[in-house]
Each structure stands twice: as structure tokens, then as C-alpha cells.
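K.L.:
I'll drop the sequence and a predicted model, then ask my questions.
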Amino acid sequence: MSKKILFNAFDMNTPVHQSQGLWRHPSDRSSEYKTIAYWQDLAKTLENGCFDGLFLADVTGVYDVYGGNSDAALRNAVQIPSHDPFVIVPAMAAVTQHLGFGVTGSLTYEPPYTFARKMSTLDHLTNGRIGWNIVTGYLNSAAKASGAKAQTGHDTRYEIAEEYMELMYKLWEGCWEEDAVERNVETGVYINPAKVHPVDHDGQYFQLKGIHLSEPSLQRTPVLYQAGASPKGQAFAGRHAECVFASSPTKTVLAATVKKLRAATVAEGRPRDSVAVFGMMTLIVGRTDAEAEEKLAEYKRYASYEGALTLMSGWTGIDFSACDPGDAVKHIRNDSMHTAIDRFTISDPTRVWTVGEVAEHIAVGGSGPLIVGSAQRVADELQQWMEETDIDGFNLAYAVAPDTIKDIVELLVPVLQERGIYKTEYTPGTLREKLFNQNRLLQHPHPAASYRI
């Protein structure tokens, strides 16, 4: 294996992210998510382990599909309560120098003009270490809470996203020239008006006339993350994404997803490796295989299968509350997240999942694979996943916070470094430079570059 493994930590500004019920574990500190110290401690731990970034998930809305209401979500704290992921980034950036931050922002609920300023501000404050995970939303509860009768159709959401990205590029790349800010004490000119170009956009979904409020940041356009794996999502990723987050329970499903993503990237005229693919994974690492298995057995005693099915129902738009554990999971197409149901049905026709198996799988770590063992064993498994699926790295969910991540940093990272497949120090520069060893600005043939003056 020639390329080095990339690591993101996968988290959310909430007490229960992927591992349902494990907030009850005696050593779990996730309920401290309300404090700055919690996030700063996590950031320092990740940087000590040379993690590339912290990937912050987010959802707008409540998981209210299971049972037709939000009771199970509230009872199990299924990604509720949740706080704004953007506001914790500066606190973590203040105690780190290299760690990147990929933050989820739903374009459905973020007005483009103010969102452009928010991301530019974060890019300035982090010294070029910010990324944006582009999502369109998938919960009807979010749409209703925002004043709509229901969420927009799945494919239409991607049409809106295309125009949204065009507008973002106009604001980030096409408004201010690189040297527009002169700060000339002698002439009294702070900004040269001739080098600032108002945006006049009159599209199908958005209208905007004005000047981007922020001066150019180091990256201008943040590193672009994307997580959609439906045909529409893959086409969108092929055009815009630099990093793609893929969540698949088996190597077969993940390999097929990566192959399609690479093809979509090439179809857009971009090099196949211009997109870094991160597979979701949960690692339970011990000093021995037996110790790791004991940890897993202990975690399962705290797992909430109702919470897991509440999460699955929200992802898929399918109410699993009336299903028996032995019922086969059936493929249903609706306007929720297509890949959430696909990954347990049509993506791997050789495997038939029951509702009980899905609940058990999701309860510890979420929808991605779970690898358990000593550092040597886990390292072997990660290398196999890299080689057999063509991914570039992993988004690592936790079972118990912060123990899961600390075990990875203290036990697994040194083994990967000894094998020469994980960095021992950071590359200087912005997040884009660290991830891709390239210019801090997006370059042709990425569409953002065509908007830059």
C-alpha cells in the first residue's frame, strides 16, 4: 500500500451521535458537549494523534419517523439536544495548529449570503483549516420547523444545490480580487473599490445582488466535503467535492460506491484521485484482542436498540416501530436519504438484513463497519479495507467518548506509523494543502476556479 491513511474523527455537537444508549456508560463524557473544555480536550487529543480533521455532523430537525412522533428520539437522545456545530470551531482552533474542521451546513436552511460570510470568517479564524460538508437535508421535521409543509423532493434538492454552489463560488471566488485590500496608511485607502466586483445573480431558486462581506480568506472556498451516494449525489460530488464521506456496512458496498464516485469525477473532467474518499468506521482497540472484545461486550450492555431503529427510521423515512426483529429489511424509495436504505438492501444483493440485525449493527458506532481487536489486528483490517475498496481514509465514530478516540491515538496510531502508512507530522499550510499537497486555492478543472478573477 503506497498511500498513507487519512483519519477524521466523526462527531456531532450532541450527547448521542452514532452509538445509541452508550451515554449511560460510566466513562462516557459526551454529556459535556455543552462545554468549551470538552471540545478543546478532544481537539488536542486529535492533533496529538495527527488526525487530519474533525468531521462535525449536524441535522436540522428531529427524528420523528419511528412511531410517528419524536418520543423515542427524545427518550434516547437520538441526536437531540443538539447545538450549532459552527460556533465550537474557533474554540478548538485556538488550541491547535494543524487540525482541520469539516462542518456540516445544510444549504436548504442556510441563506447563501450570510452563509458565505460565516464560512469565510471561519477560514480566517482557523488560518485556512475549514471545510464544509454540503448537505441538502432529509428530515420532514426540519422542513416543517422551517415553515414548509414538507421537504423538497430528493432530486430537486440537488438541482437547488447546483445553483447554490454557483452562487457560493461567485461570492467566494469572483467578488474580491486577491489584492483588493490595500490597507494603505499614506493614501488612506483600505479597500480598492475597483478590485471589488458586486455579484448580480438572478437564478431559478436564488436572487442576490451585493458584495461579499468578507475579504478573501486563505482558501477562499473551504475544502468541500459531500456525503451523498445516490446517482444525483455522486454526480454532484463528481463536480464539486474534494472529500466524500461514504458509510457502508461491507467492503462490497463500499467498493462499489467508490468505483462510481471515481467514475463520476472523471466524467466531470477531473482526475479520478482529485476526490479523497473517507469510509465511516468504528474502531474498538485494546492491548490484546481479548481486551477489545471485552470492551465491545460491555458496550453492548448499554446499547439502545430502540434508539438505533429511531435513527434508522429517520435516515430512511421508514417507520420500523411495527417491525419484528426477524423481518427482512425491504427496499423502499422515498424523499429521505436514498443511500441509508440502499446500503442494507440493493447495494449488496448477496446479503439479506433483518430489522434486528440492522438495529444491533447501528447501535454501536452507526451504519459503518465495526472493527474490534488489538492495535496490530485493527491495523491489518484497515490496510485490507484500503486496498480492497480504494478509499483514502476513514471517518472514525466513537462508541464511548473520549475513550474510543484516546485508544486509537495511544494504541493504534503508533502501529500505523511504524508501518509507514500514517504520517508522523503534519504538512504545513491550509487544510487543502495538508490533504492534497496542492495549492491553497481550488484549481482548474474544478468549477470554482473559473469564477476567480
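P.N.:
Alright, I've got the coordinates.
K.L.:
how much space is there between residue 178 and residue 127?
P.N.:
17 Å (CB to CB, to the nearest Å). C-beta here means a position set from N, CA and C on the backbone, and glycine is covered the same way.
K.L.:
comparing these two, which shows the higher neighbour count?
P.N.:
Higher neighbour count among residue 178 and residue 127: residue 127, with 16 against 12, using other CB atoms under 10 Å.
K.L.:
checking my notes, the more buried one in a helix, right?
P.N.:
No: counting by DSSP: H, G, I helix; E, B strand; the rest coil, residue 127 is not found in a helix; it is coil.
K.L.:
you'd agree it is up against residue 101?
P.N.:
No: using CB atoms under 8 Å, residue 127 is not in contact with residue 101; the gap is 11.3 Å.
K.L.:
any shared contact partners between those two?
P.N.:
residue 93 (CB atoms under 8 Å, 6 or more residues apart in numbering).
K.L.:
which residues sit in contact with residue 313?
P.N.:
So residue 313 contacts 63, 65, 66, 319, 320, 321 (CB under 8 Å, 6+ apart).
K.L.:
spell out the secondary structure type for it.
P.N.:
Relying on three-state DSSP, one would call residue 313 helix.
K.L.:
what's the helix or strand for the residue nearest to the spatial centre of the chain?
P.N.:
The centroid of the chain falls nearest to residue 55 when counting by CA atoms, centre = their mean (4.9 Å). If you go by DSSP states H and E, residue 55 is part of strand 53-57.
K.L.:
ok so, going back, okay, the contacts of residue 313 in CSV with distance to residue 93, neighbour count and secondary structure next?
P.N.:
Listed next are those as CSV, based on distance: CB to CB, whole Å; neighbours: other CB atoms under 10 Å; DSSP: H, G, I helix; E, B strand; the rest coil:
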residue, distance to residue 93, neighbour count, secondary structure
63, 30, 23, coil
65, 36, 27, coil
66, 37, 26, helix
319, 41, 15, coil
320, 39, 21, coil
321, 42, 14, coil
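K.L.:
now render these as CSV, adding distance to residue 366 and pLDDT.
P.N.:
Below are the contacts of residue 313 laid out as CSV (distance: CB to CB, whole Å; pLDDT from 0 to 100):
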residue, distance to residue 366, pLDDT
63, 13, 92
65, 17, 92
66, 16, 92
319, 20, 90
320, 16, 88
321, 20, 90
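K.L.:
closest to residue 97 among those residues?
P.N.:
Of all the contacts of residue 313, residue 63 has the smallest distance to residue 97: 36.8 Å, by CB to CB.
K.L.:
find the nearest non-adjacent residue to that closest one, please.
P.N.:
residue 314 (3.4 Å; CB to CB, 6 or more residues apart in numbering).
K.L.:
what about that neighbour, neighbour count?
P.N.:
28.
K.L.:
what do you get for residue 201?
P.N.:
15.
K.L.:
again, but for residue 149
P.N.:
7.
K.L.:
am I right that it falls within a helix?
P.N.:
No: assessed with three-state DSSP, residue 149 is coil; it does not lie in a helix.
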